[in-house]
Each structure stands twice: as C-alpha cells, then as structure tokens.
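> fold the following.
(chains A and B)
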Amino acid sequence: MAATTAYTLRAKRRKAAFRTAAFLSPWLIGFAVFFAYPLISTIYFSFMHYDGFRPPEFSGAKNWLYVFKDYPYFWPAMRNTLWLVVVMVSLRVLFGLGIGMLITKIKTGTGVFRTLFYLPYLAPPVAATMAFAFLLNPGTGPVNSILEGIGIPAPAWFNDPNWSKPALTLLALWGVGDLMVIFMAALLDVPKEQYEAAALDGTSAWQRFRYVTLPNISPIVMFAVVTGVIQTMQYYAQPLIAGKVASGVIQGAGTNFEPGYPENSTWTLPQVVYNLGFQRFDYGSACVVALVLFALSMAFTALLMRRRGGLIQAGD
Amino acid sequence: MTQVLDKPVRTAPAAPDGAAERTARRKALLEWVAIHSLGVAAALFFVLPFVFVFLTSLMSDTQALSRDLIPHTWEWGNYRKVFDTPGFLTWWKNTLFYAGLGTVLTVVSSIPVAYALAKFRFRGRNLAMMLVISMMMLPPQVIIIPMYLFWAKQLDLSGTLWPLIIPMAFGDAFSIFLLRQFLMTIPNEYLDAARVDGCGDLRTLLKVVLPMARPGIAAVALFQFFYAWNDYFGPQIYASENAGAWTLSYGLESFKGMHHTDWNLTMAATVLVMAPVILVFFFAQKAFVEGVTLTGVKG
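This next block holds a predicted model:
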C-alpha cells in the first residue's frame, strides 16, 4: 500500500515537472540561445582578437587595455552617461512627478489634458529626435526664432558640445508620459484620510507633500530612478540621430559617420559598442565594452530586485 | 478617478458666516485658475512640437528654408512626394511585417511561460523570474556581437529582418513579465473549478485563463507592436546593407540624408512615421488603459 502511494506520488511529481518544462519551453530555448550562449561568447571574444575575417586569436588582456587606455571614445561615453544619469534622469523624475501631481489636480477636461501630456511618449524615438533636430536647429528652427524674437540669446543646441546633452534632456522631458502615468496612479493611491488628518492639524501644502505624499510614493520614486538609470544604459537612437542630423553628414553608400557629434559630447556606451564592432570591425574590443555595459545594467537591476515588495511579488 | 484628491478638504469654520464661506470660495476659484493655467502651459509644451512639425511639413521648399512658423501656401503635395520617394512604401510594408508577425509570435510564445510562472509551483521559479527580469533589463548591445556573428556568418540571414523576428517566437522577457503580473491577479478558484470539471492544464489555459486575460494580452500586444515599430538598432545592425529590408524608423533617417535641405519633406515623413502609432493608441486606448489599470488590481 505504502509502496504504491510513493510510486504514484513520484509519477505525479514527474508529470508536474514535465508539464512545467513544456509550458516554459519557448523561454528555456530563448534563454539558452539568445541570452546564456551569447553572454558566454561575449566573454570569450573579449579575450580574442577578431575582425570577422581571420579566425579569432587569443590576445589576453589586450582588448581590455586598448578600451581603457587607448580607444578615444570610451571615457567620453562614460562621462556622458554619468551626466545623463545625474541630470537627465533626475530632471525626468522631478518633471514626471510634477506633471503627475498637476494632472491629479486638474478638474476640467482631465481626459484631454492627460492624453495631450501622454502623447509625446508614444512618438517613435527616431521621429521624435528628427522633430527636435528640426525644432532646435539654429538656422531655421522655430524655437530659436521665438527665443530671438523675444530677445533671449539662443544656443546652438545639437551643434554646441555644451548644449547637446541639455537638448537631449529636453527631448526626454517631452516624452515624460510614462512617468506621469505611474506617478498619477501612485498619488491617487495615497490614503485620503492622511491628507484630511494633516489638514486638521493645520499643516501647509509643503508639509503635506513632505510628510504625507512623499513617504507614500517613495517606492515609486525609487522605481522611476532605477529604471531611468537602466534606460540610460541603453540610450542609443536619440543621441546617434541627433548627432548625425546636426552634423549634416549626408547619408549614402560608403558614408561612415562616427557618432559623438559635436566634439564627443553625445557618445554613449551602446554607440561605442556599435562603433567598435560594426564600424571598426574590432569585435574583441566591442565585447569588452559590452561587458562593462552588462555589469552596469545588472548592478542596477539587482538594486531593483532587492527592493522590498519589489518586482517579484510572492507567488501563490 | 481624479476626484479622490481634488475635493477641497472642508475645515469646519468656527462660525459658518457668509464672509468666511465667500473667502473660501474665492480661494478655491483662484486655485482652479492657477492649476488650469499651469495645465495649459504644460499642454503647450507637449503639443507645440507636433504643431510646428506639422506646419513645416506643409511649407513650400523655399519657405521651409526661412524662419517662418506658418505656411503661406499649404503644400499638401509634400505628402505625395514622400510616398513617391523610392523605398518609402517598402519601408512601410517591412515595418508592418516586422511589427505584425513579431507581435503575434511574441504573444503566442509568452503566454504559456507567463502562465507557468504565475500559477505553477516548482523549484527554481523565483530564479526563473529573476532571469526573466535580467533579460528584460539587458541592453541589446551587450550580446550583439555573438548574435550578429550567429545570424550573419552562420545562418547567412543578414540583410533581412528574420534575425529580429525569429527570436520573438521564443518568448519576450518584458511580455512574459507583464503577462505574469496580470495572470497572478486571476483567482485560483477559477483554475481549481476547471480542474474539477476535468480540464487539463492546456485546456484550462485556453478556455478559462485566456478569455479572462484578454486586456493583459491586448496591452502586451500593443507594447510589442510599438517596440518593433520604433526599433532602430535592430534594423540598423541586420538590415542596413539591404535597402529592400529597411523599416520606417531606419529609413526615416536616410530620408533626411536624401533630402538634406528639405525640412518640409523630412517633417512630412516624420509625421507619417508618428501618425500610425498615435492612431493605434487612440483606437486601442481603452484596451491599453484597461490593461494597465487591471494589472494594478490585486487578485
């Protein structure tokens, strides 16, 4: 009797394991082929000299030294990334919170305002960048026309190394709709009674924000900051296209635009991977930068997962 | 939805005399005006870029080189010229193919995975979830060198969009994550009831779970469609060598190269790349909002 129970139990368990594997199978294959294998392969190539034509050749730490010491664009890309993390991410979070608070206070035409605030987020990045490259172009752009019209000295935006990142920041603020939505939801979740109690205590609006709103939404602020940093690690199409369009390089067969225009002010790490791998055919060095990118993104992803009640909710 | 915070909190005045009430009402009115003025200012910031782009797309060639803001003559023919540009229709077709087929494959392959992660108990489930999130957060550039060598050198598929479409048949991390969050909100009682009725796991998924998960599936499909529509890096790596495989997002930039002084035509092309996404959003807004809202509901 006991033996049969143990037997059926084991059979049942095996069946359950098989079922789980079957349901997971698309992702298990995807994980092996499109994540684990290329990641290991990237580590392997980072120690190889490989140009895609001659067979790969072991070169020790040469690629690593080249990237960190001699390749001219790695450190500019790191510095730009730091700038974007400090300035662009924090401004985007502040602006998103501000717009989120504004939309919860608007009583007339809320739906229209919400849609208008959200729409730019949906604009395809290439098209949005193209639009801003036009709007901010120093020659005929409407923004500078208006600024000069009212007597404010207009910067050259994407053509000035000091203004190219602020111009990209402006573009990022325009597409703040995603943060507006999550902040709006978080703000509406704050228990109303807490505001009422605070109001009875005769607190100022700032005190209510500081001691009621902020503690309630701080996990969402954290989430917005960390995902913002991770998105910055992937920042690619916008700086590349803004630089390309502003530089006036005419596209066509054989043109090989090196990113970073103007004066290396728009390099980001993904563009460095592209430059090394697909413009200089130095696959080994490209893999070194790819691993730096990997380490940075995974460090921030770990931060996101460690958060209490974080991304992985307890299953049932 | 919005009125929760909006109701001015009534602090009971010592004596409900008319003067106090009038000041309170005046204060509320002032606040209304201040908030809505801010709202209009913000709306201008978000909308004016679209307006200027659209106005410029209707200018004549010579006027597009001036600093005018409003067209003297409305050149609707610019849009014709964009469509007549060699390649533009092909880019459209390729984009629809990539986004359409990619979305279908992603949804079909991600649903069973998300279901298993949400409702099956097995060892390593949390680890699997952590790996899904890691894949979701991985910049595509990290693994691009081996992936490119794999698709281009081993399978000879560069110059096509297949290296971007085929992986979508093996689950997309973001879609799995979002669907899993959604499926967790479906109460287990429904699944138990189906089991009691003699449904196997697959039948339960198809007959019970899928109909309930429709808003979540719609949201995931929409996100994935937008992702493929907007993708620039993928087509740049795999399709750049073959103009016959370009997508709109990739082609738009070369359009600027071909018409490097004609901002009017470039802006018309930009409008044509933005418009479908915005149209899809308006038609699917309900599914979109429903999906996002329902994901937040605890099961």
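
> in the helix ranked longest in chain B, what counts as buried?
Secondary structure of chain B per DSSP state H: the longest helix is helix B:18-57. Going by neighbour count (16 or more other C-beta atoms under 10 Å in any protein chain shown), the buried part of helix B:18-57 is B:32, B:35-36, B:39, B:42-43, B:45-46, B:49-50, B:52-57. C-beta here means a position set from N, CA and C on the backbone, and glycine is covered the same way.

> mean confidence for it?
Averaged over helix B:18-57, pLDDT sits at 93.

> off-centre distance for it?
Relative to its chain's centre, helix B:18-57 lies at 28 Å (C-alpha atoms, centre = their mean, to the nearest Å).

> over to stretch B:77-91?
Taking C-alpha atoms, centre = their mean, one finds stretch B:77-91 lying 25 Å from the centre of the chain it belongs to.

> all helices of the stretch 201-316 of chain A, in order?
With helices called from DSSP state H, counting those that start in this stretch, the stretch 201-316 of chain A shows them at A:205-208, A:214-233, A:237-247, A:269-274, A:283-306.

> what's the most buried one of those helices?
helix A:269-274 (a mean of 26; mean count of other C-beta atoms under 10 Å in any protein chain shown).

> right, is that one up against chain B?
Yes. Counting by C-beta under 8 Å from any C-beta of the partner chain, chain B is contacted by helix A:269-274 at A:269-270, A:273-274.

> show me what the longest helix of chain B is packed against.
With contacts defined as 3 or more C-beta pairs under 8 Å, 6 or more residues apart in numbering or on different chains; DSSP states H and E, helix B:18-57 has these neighbours: helix A:90-105, helix A:110-122, helix A:125-135, helix A:164-174, helix B:263-296.

> which of the residues in the second one are buried?
Looking back up the chat, that one is helix A:110-122. Neighbour counts over helix A:110-122 (16+ other C-beta under 10 Å) mark A:110, A:113-122 as buried.

> give me the most central residue, chain A.
With distances taken as C-alpha atoms, centre = their mean, the residue of chain A nearest its centroid is A:Gln231 (0.9 Å).

> please parse chain A into its domains.
Listed by automatic domain parsing, the domain ranges of chain A are A:10-63, A:73-306.

> for the shortest one, how far is the first residue from the last?
Domain A:10-63 has an end-to-end distance of 52 Å (C-alpha to C-alpha, to the nearest Å).

> likewise for the last one?
Domain A:73-306 has its terminal residues 33 Å apart, counting by C-alpha to C-alpha.

> distance from it to the middle of the chain?
With C-alpha atoms, centre = their mean as the basis, domain A:73-306 stands 8 Å off its chain's centre.

> on that earlier part again, nearest to B:Asn188, of the domains of chain A?
Of all those, domain A:10-63 sits nearest to B:Asn188, with 15.9 Å by C-beta to C-beta.

> can you tell if the closest one touches chain B?
Yes. Shown here: domain A:10-63 in contact with chain B (C-beta under 8 Å from any C-beta) through A:16-17, A:19-20, A:22-24, A:26-27, A:29-31, A:33-35, A:37-39, A:41-42, A:45, A:52.

> mind checking which of those are in helices?
Filtering the residues of domain A:10-63 next to chain B for helices - DSSP H - leaves A:16-17, A:19-20, A:22-24, A:26-27, A:29-31, A:37-39, A:41-42, A:45.

> still on that earlier bit, just put the residues of helix A:269-274 next to chain B in TSV and tack on distance to A:Thr104 and pLDDT.
TSV is the format used below for those (distance: C-beta to C-beta, whole Å; pLDDT from 0 to 100):
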residue	distance to A:Thr104	pLDDT
A:Leu269	37	97
A:Pro270	36	96
A:Val273	41	97
A:Tyr274	41	96
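
> I'd like those written out as TSV, with distance to A:Gly260 added.
TSV is the format used below for those (distance: C-beta to C-beta, whole Å):
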residue	distance to A:Gly260
A:Leu269	12
A:Pro270	12
A:Val273	13
A:Tyr274	11
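
> determine which two of the residues you listed are furthest apart.
Farthest pair in these, by C-beta to C-beta: A:Leu269 and A:Tyr274, 9.8 Å.

> what do these two both touch?
B:Gln141 (C-beta atoms under 8 Å, 6 or more residues apart in numbering or on different chains).

> tell me the buried residues in the helix or strand A:Ala6 falls within?
Per DSSP states H and E: A:Ala6 is located in helix A:2-31. Neighbour counts over helix A:2-31 (16+ other C-beta under 10 Å) mark A:19-20, A:23-28, A:30-31 as buried.

> would you mind getting the angle between it and helix A:37-45?
Angle, helix A:2-31 to helix A:37-45, by axes from the mean of the first three to the mean of the last three C-alpha atoms, to 10 degrees: 60 degrees.

> can you give me the helices for the stretch 1-150 of chain B?
For the stretch 1-150 of chain B, the helices defined by DSSP H, counting those that start in this stretch cover B:3-6, B:18-57, B:61-64, B:77-84, B:88-119, B:125-137, B:144-148.

> and A:Ala127, which of these is closest to it?
Closest to A:Ala127 of these is helix B:18-57 (C-beta to C-beta; 8.8 Å).

> tell me the angle of the closest one relative to helix A:110-122?
Comparing the axes of helix B:18-57 and helix A:110-122 via the same axes, to 10 degrees yields an angle of 40 degrees.

> burial measure for the residue nearest to B:Trp76 when sequence neighbours are not counted, as a count.
Closest residue in space to B:Trp76, ignoring its immediate chain neighbours: B:Leu58 at 6.7 Å, by C-beta to C-beta, 6 or more residues apart in numbering or on different chains. By the criterion of other C-beta atoms under 10 Å in any protein chain shown, B:Leu58 has 21 neighbours.

> touching, B:Leu58 and B:Gly77? I think so.
No. With contact defined as C-beta atoms under 8 Å, B:Leu58 does not count as touching B:Gly77 (9.5 Å).

> quick one: low-confidence ranges for chain A?
A:1-4, A:249-256, A:307-316 (pLDDT under 70).
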